[in-house]
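**Student:** Take this sequence and fold it.
(one chain, ligands or ions: 1)
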Amino acid sequence: MAMQTIEELFEHELQDMYSAEQTLLDALEQMANESSDRDIRKGFTQHRKETQGQIKRLDKIYKTLGRKPESSSCPGIEGLIKEKKVFMREKPSDELLEFYNVGAAQKVERYEITAYEGLIDMAEKLGMGDAVDLLEQNLQEEEMALNKLKAIASEFDVEEEEEDEEEAETQAQ
Ligand SMILES: [Fe+2]
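**Tutor:** Numbers count the residues shown, from 1 in each chain. Predicted coordinates for the structure are as follows:
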């Protein structure tokens with residue numbers, strides 16, 4: 001049957017974010033492993049822990065709806081993961097990959113922030129006060145994560161690898 005109500009749309013979008021957060025658990029772990037900088041690694045690990053808490057909050061919303069989340073995927077986040085796979089074909093240096101991850105994680109946060117803002121708006125329209133509170137907490141964590149990533153990115157300095165310098169010298173000769 002065709003979808004007609006905001007409540008149905010809310011459930012659809014909730015499922016989307018539930019799947020997104022699940023996928024991000026793996027992505028954040030991978031990005032932590034790809035980080036040599038202690039602060040960056042700690043940042044990804046900490047946000048992974050927050051993500052586990054975010055999933056628990058979404059579980060609570062499902063409970064109040066008397067429903068269970070399905071195991072499906074979020075095409076939006078899958079797209080960003082595919083984007084990284086394409087980037088990896090460029091064989092980036094470890095340092096550049098680390099810098100790339102800080103940027104890719106910001107894209108993810110922006111996606112999540114917009115998705116949570118939309119869910120909050122719908123939950124308000126539906127008079128779901130408890131869901132609004134829980135979603136607001138997730139939104140706040142995503143906003144804080146985005147700000148942290150922005151600060152890390154602006155301080156990040158990528159040094160040219162020696163290999164590249166040698167190559168440039170050879171070319172100059
Ligand atoms: Fe999240």
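**Student:** In the longest helix along the chain, which residues are buried?
**Tutor:** The longest helix of the chain (DSSP state H) is helix 94-125. Neighbour-count burial for helix 94-125, counted by 16 or more other Cβ atoms under 10 Å, picks out 95-102, 104-109, 111-113, 115-116, 118-120, 122-123. C-beta coordinates here come from the backbone N, C-alpha and C atoms, glycine included.
**Student:** repeat for stretch 35-50
**Tutor:** By neighbour count with 16+ other Cβ under 10 Å, stretch 35-50 contains the buried residues 35, 40-41, 43-45, 47-48, 50.
**Student:** tell me which of those residues is nearest to Ser73?
**Tutor:** Relative to Ser73, the closest of the buried residues of stretch 35-50 is Arg48; by Cβ to Cβ it sits at 18.4 Å.
**Student:** What about the residue nearest to the closest one when sequence neighbours are not counted, how many residues nearby?
**Tutor:** Of all residues not flanking Arg48 in the chain, Leu28 sits nearest, at 4.0 Å (Cβ to Cβ, 6 or more residues apart in numbering). By other Cβ atoms under 10 Å, 24 other residues sit near Leu28.
**Student:** now the helix or strand where Leu28 lies: mean pLDDT?
**Tutor:** Per DSSP states H and E: Leu28 is located in helix 6-33. Mean pLDDT, helix 6-33: 97.
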